[in-house]
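Peer 1: quick one, fold the following:
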Amino acid sequence: MKVAFIGLGVMGFPMAGHLKAAGHEVSVFNRSPGKAARWAEVHGGRAGASVADAVKDCEIVALCVGNDDDVRQVLAEALPAMAEGGVVVDHTTASAKLARAAADAARAAGRWFVDAPVSGGQAGAEAGQLSVMAGGEEAAVERVRPVVAAYAKAMTRIGGPGAGQLCKMVNQIAIAGLLEGLAEAIHFAKRAELDTDAVFAAISKGAAQSWQMDSRWGTMVQGKFDFGFAVDWMRKDLGIALDEARANGASLPAAALADQFYAEVQAMGGRRWDTSSLMARLERQD
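Peer 2: Numbers count the residues shown, from 1 in each chain. Take a look at the predicted model:
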């Protein structure tokens with residue numbers, strides 16, 4: 001297909017690369033032109049001079065930008081320029097309210113919009129093994145599925161417009177609480193002067209096991225956090241979830257507490273540290 005990818009950060013750059021490797025005709029745009037030029041040099045696609053130039057006549061336009069305002073700005077330029085009947089698939093973690101409004105705007109323009117936030121982080125993007133949570137009309141989701149398969153191991157339609165973003169909120173709420181529990185568990189084990197390798201061997205085979213434990217136990221014990229999904233990004237995501245909870249009446253005391261703890265990590269200079277750096281806050285108190 002003729003595909004455009006807008007936003008070439010640590011996620012978008014490899015995701016767009018997988019599209020090109022899968023045989024699609026790919027054009028890209030990034031607000032920093034140097035990134036788009038570098039992507040074109042590495043992967044052989046075309047760097048657009050603007051959003052409208054990049055998406056001109058494209059059947060599928062994928063986004064992975066920063067926030068709601070960024071998505072609105074891209075859509076204002078992309079919808080009139082892309083192919084009639086084309087689909088925008090938005091991988092940005094944004095609000096469900098934005099996704100619903102974007103779906104309405106796309107429909108009015110004779111296009112489709114799918115909110116499709118992802119889980120798996122930079123490593124998943126680079127390996128083409130992301131998990132995608134999709135919201136939108138079933139026909140639109142099915143149309144983009146073979147394209148998204150270039151960088152995703154799974155794509156699940158959760159429901160109509162906005163449902164993908166709501167699912168991503170569930171994902172981030174679960175991760176934040178899990179990481180605080182994991183940080184406290186390791187902190188306790190160290191204070192108890194236990195062999196943390198032996199503790200991991202014991203509990204990672206039982207009910208406490210999780211992806212976060214398997215992937216982050218060792219680095220958390222060592223105090224290494226200069227990689228992965230940044231605290232700044234997690235705070236943005238938790239802010240979206242907490243706003244939605246205020247609107248729908250959900251009670252999220254643990255998520256709100258984790259958000260407060262992440263604010264403390266930011267104050268420690270950890271804005272770009274991995275989300276497992278909740279451990280650093282506890283170790284600072286030693």
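
Peer 1: just the strands in the stretch 101-250 of the chain please.
Peer 2: 112-115, 118-119, 130-135, 152-159 (DSSP state E, counting those that start in this stretch).

Peer 1: which parts of the first one are buried?
Peer 2: Along strand 112-115, the positions that meet the burial threshold by neighbour count (16 or more other Cβ atoms under 10 Å) are 112-115. Every residue, glycine included, has its C-beta placed from N, CA and C.

Peer 1: from the rest of the structure, what touches it?
Peer 2: 75, 85-90, 94, 96, 99, 102-103, 105-107, 134-137, 139-141, 143-144, 161-165 (Cβ atoms under 8 Å, 6 or more residues apart in numbering).

Peer 1: again, but for the shortest one
Peer 2: The contact list for strand 118-119, computed with Cβ under 8 Å, 6+ apart, reads 11, 91, 124-125, 130-133, 152, 168, 171.

Peer 1: what mean pLDDT does stretch 268-275 get?
Peer 2: Per-residue pLDDT over stretch 268-275 has a mean of 97.

Peer 1: return the most buried member of the strands of the stretch 101-250 of the chain.
Peer 2: Highest mean neighbour count among those (mean count of other Cβ atoms under 10 Å): strand 112-115, with a mean of 29.

Peer 1: only C-alpha atoms, please: export that strand in CSV.
Peer 2: Extracted C-alpha coordinates of strand 112-115, given in CSV (Å, rounded to 0.1, in the frame of the first residue of the first chain):
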residue,chain,number,x,y,z
TRP,A,112,-11.6,6.8,8.7
PHE,A,113,-9.8,7.1,12.0
VAL,A,114,-8.5,4.3,14.2
ASP,A,115,-7.1,5.0,17.7
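
Peer 1: and that strand, how far out from the chain's middle?
Peer 2: Chain-centre distance of strand 112-115: 16 Å, with Cα atoms, centre = their mean, to the nearest Å.

Peer 1: with stretch 205-225 instead?
Peer 2: 21 Å.

Peer 1: that stretch: which residues count as buried?
Peer 2: Buried, per 16+ other Cβ under 10 Å, within stretch 205-225: 210, 212-213, 216-217, 219-221, 224-225.

Peer 1: what's the first helix or strand after the helix or strand in which Val61 is found?
Peer 2: Per DSSP states H and E: Val61 is located in strand 60-63. Going down the chain from strand 60-63, the next helix or strand is helix 68-81, by DSSP H and E.

Peer 1: hmm, back to that, can you redo the contacts of strand 118-119 as CSV with distance to Ser276 and pLDDT?
Peer 2: Shown next, in CSV, are the contacts of strand 118-119 (distance: Cβ to Cβ, whole Å; pLDDT from 0 to 100):
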residue, distance to Ser276, pLDDT
Met11, 18, 97
His91, 23, 98
Gly124, 16, 95
Ala125, 18, 97
Leu130, 19, 98
Ser131, 19, 98
Val132, 23, 98
Met133, 22, 98
Ala152, 24, 98
Lys168, 19, 98
Asn171, 16, 97
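
Peer 1: for Ser131, name its beta-bridge partners.
Peer 2: Ser119, Ala154 (DSSP bridges).

Peer 1: what sits against it?
Peer 2: Going by Cβ under 8 Å, 6+ apart, the list of residues near Ser131 reads 118-120, 124, 152-156.

Peer 1: and those, which two are furthest apart?
Peer 2: Within the contacts of Ser131, two members stand farthest from each other by Cβ to Cβ: Gly124 and Thr156, at 14.9 Å.

Peer 1: what's the pLDDT at Asp286?
Peer 2: At Asp286, the pLDDT recorded in the model is 53.

Peer 1: hmm, back to that, would you format the buried residues of stretch 205-225 as CSV with distance to Val265 and pLDDT included?
Peer 2: Output for the buried residues of stretch 205-225, formatted as CSV (distance: Cβ to Cβ, whole Å; pLDDT from 0 to 100):
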residue, distance to Val265, pLDDT
Ser210, 20, 97
Gln212, 16, 97
Met213, 19, 98
Arg216, 14, 97
Trp217, 18, 98
Thr219, 15, 98
Met220, 13, 98
Val221, 17, 98
Lys224, 14, 97
Phe225, 9, 98
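
Peer 1: turn those residues into a markdown table, columns for distance to Gly34.
Peer 2: Formatted as a markdown table, the buried residues of stretch 205-225 follow (distance: Cβ to Cβ, whole Å):
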| residue | distance to Gly34 |
| --- | --- |
| Ser210 | 38 |
| Gln212 | 34 |
| Met213 | 38 |
| Arg216 | 32 |
| Trp217 | 37 |
| Thr219 | 31 |
| Met220 | 35 |
| Val221 | 38 |
| Lys224 | 29 |
| Phe225 | 28 |
